[in-house]
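[1] I'd like to go over a predicted model; first the sequence, then the structure.
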Amino acid sequence: MGGTDEFPVGTCPGMCPLGELAQRERQGRLHRLELREGTRQGDPARVVKEYSRPAAGKELPQPQELRPAPVLLATVRYLLGQVAPQADLPPAEVHAFISDRLRAVRQDATLQRLQGAPCVALLERSLGYLLHAGYQLCQEPPARFDPHLHRTQLQECFSWLRRCYRDSCHHREPAFQALFLLYNLGFPEALRQVLQLPDPVRASPELRTALAVNWAYLERNWARFFRLVQALPYLPICALHRHLGPARRLALLTFSHGFSARNSRCPLTWLARLLAVDSPEEMAELCHHHGLTVLDGAVVFQRAAFKDPGILVHGPSQLLVDSKRGEAPLLEIIEDACS
């Protein structure tokens, strides 16, 4: 499974080594998602190995402390299928638990130098979850959800996964290369890397769509951009979601210059439809946020009135994101994306 004489090969049969389970139980460091119901004892069927920060001079773990690839994949599926749907705990707390345990999964994979299909399976599912969580927690305060750490984990996963793709052909590479471009929308280096992909990957429907979205964004063709965005499935739109605020800001700036006239009025219903905003009321709030005047259900575009609000809040979107979610469990959505 990628091990060599220089690197350990995991033999731990469970989601958490028994030694760690016993130690964390003694120290009172088990998460409530890992306890037997009504007790302070760890449930071996629920305890998941936690992330341990590497330290200088620290010895490599023994094989019995590392989980082999099949156990790592089962752990990821458990986290996405059994833990992620928890509705009786704060979503940010559930995410913090899953995020930490996914880091531990990647750490085990790194220590064993996993490569090829086993590693790709772990990274694709981790990315699917992280993109979903980034949208679902977009309104959480930084004290409960750190967007910088989240972006760092996503970019690390993308980088590792794309290195795996360079070594061999994988069925879902076009879809995840497209997610990479959508997540890094408008960044020249991301576009350069995608344009250097092999022709069959670059010519895939998923990547052609992502490239079209990217070009529309760079060209400031907002009608085409939001028309393409509305057709994206759930995980791709989750990847792109963080760029919607900046895109709408740039669109309003463009319209403030192009339609600036004393007697010019633009109906909010039309503008909300163009920019894929959920309602005219939300569109009016967005216009006010950018210093634009709203009168009798229409916005007045004036170049001098536009203001940059600085940091934009990435709010939820029923039209673009929630409507794509459907009723399927999260694990099923991600498995379909990885199959």
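    All right, it came through fine.

[2] stretch 116-136: how far from the chain's middle?
    8 Å (Cα atoms, centre = their mean, to the nearest Å).

[3] avg pLDDT for it?
    Taken as a whole, stretch 116-136 carries a mean pLDDT of 97.

[4] can you give me the buried ones in that stretch?
    Residues of stretch 116-136 classed as buried: 118-136 (neighbour count, 16 or more other Cβ atoms under 10 Å). Placement of C-beta: from N, CA and C, glycine included.

[5] residue 176 contacts residue 127, doesn't it?
    Yes - Residue 176 lies in contact with residue 127 (Cβ atoms under 8 Å); the separation is 6.7 Å.

[6] quick one: stretch 132-148 to chain centroid distance?
    The answer for stretch 132-148 is 10 Å, by Cα atoms, centre = their mean.

[7] and the contacts of it?
    Identification of contacts with stretch 132-148 by Cβ atoms under 8 Å, 6 or more residues apart in numbering yields 90-93, 95-96, 98-99, 150, 154, 234-235, 238, 241-242, 313-316, 321, 330, 333-334.

[8] one more time with 6 Å
    Contacts with stretch 132-148, where a contact means Cβ atoms under 6 Å, 6 or more residues apart in numbering, come from 92, 95, 150, 238, 241, 314, 321.

[9] residue contacts, the one residue sitting closest to the centre of the chain?
    Centroid check for the chain by Cα atoms, centre = their mean gives residue 131 as the closest residue, at 1.5 Å. When contacts are counted by Cβ under 6 Å, 6+ apart, residue 131 is found next to 235, 238, 239.

[10] which non-adjacent residue is nearest it?
    In this structure, residue 131 finds its nearest non-sequential neighbour in residue 238, 4.4 Å apart by Cβ to Cβ, 6 or more residues apart in numbering.

[11] quick one: the strands in this structure?
    Using DSSP state E, the strands of the chain run over 266-267, 293-295, 298-300.

[12] so of these, which one's packed in deepest?
    Stretch with highest mean neighbour count among the strands of the chain: strand 298-300 (a mean of 21; mean count of other Cβ atoms under 10 Å).

[13] thinking again about what came up before, would you turn the strands of the chain into CSV with mean pLDDT and distance to residue 209?
    Conversion of the strands of the chain to CSV gives the following (pLDDT from 0 to 100; distance: least, Cβ to Cβ, whole Å):
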stretch, mean pLDDT, distance to residue 209
strand 266-267, 94, 29
strand 293-295, 92, 34
strand 298-300, 94, 30
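
[14] please report phi then psi for residue 276.
    phi 60, psi 40 (degrees, to the nearest 10).

[15] count of neighbours near it?
    The local packing of residue 276 (other Cβ atoms under 10 Å) involves 18 other residues.

[16] next one: residue 47 from residue 292, what distance?
    Between residue 47 and residue 292 the distance is 54 Å, computed by Cβ to Cβ, to the nearest Å.

[17] more neighbours, these two?
    Just comparing residue 47 and residue 292: by other Cβ under 10 Å the higher neighbour count belongs to residue 47, 25 against 20.

[18] so that one touches residue 22, yeah?
    No - the criterion here is Cβ atoms under 6 Å, and residue 47 misses it with residue 22 at 10.1 Å.

[19] returning to that earlier point: lowest-confidence entry in the contacts of stretch 132-148?
    pLDDT across these is lowest for residue 314, at 75.

[20] how about that one: what's its closest non-neighbour residue?
    Residue 314 sits nearest to residue 138 (Cβ to Cβ, 6+ apart), 4.3 Å away.

[21] and the one you found, its phi and psi?
    Residue torsions, per degrees, to the nearest 10, at residue 138 are phi -60, psi -20.

[22] 28 is where my numbering starts, stick with that
    From this message on, residue numbering opens at 28, which makes the last subject residue 165.

[23] burial check on it, number of neighbours?
    By the criterion of other Cβ under 10 Å, residue 165 has 19 neighbours.

[24] ditto for residue 139
    Neighbour count of residue 139, defined by other Cβ under 10 Å: 25.

[25] mind checking how far it is from residue 322?
    Distance, residue 139 to residue 322, by Cβ to Cβ: 64 Å.

[26] same question, residue 74
    60 Å.

[27] same check on residue 271?
    Using Cβ to Cβ, one gets 26 Å for the distance from residue 271 to residue 322.

[28] equivalent analysis for residue 214, please.
    Taking Cβ to Cβ, one finds residue 214 at 38 Å from residue 322.

[29] repeat for residue 193
    Counting by Cβ to Cβ, the separation of residue 193 from residue 322 is 56 Å.

[30] can you tell me how far residue 292 is from residue 324?
    To residue 324, residue 292 is 9 Å away according to Cβ to Cβ.

[31] tell me the contacts of the residue nearest to residue 158?
    By Cβ under 6 Å, 6+ apart, the neighbours of residue 265 are 158, 159, 162.

[32] and residue 302, by the same measure?
    Residues near residue 302 by Cβ under 6 Å, 6+ apart: 253, 275, 278.

[33] mark which of those are buried, thanks.
    Burial by neighbour count, 16+ other Cβ under 10 Å: within those this picks out 253, 275, 278.
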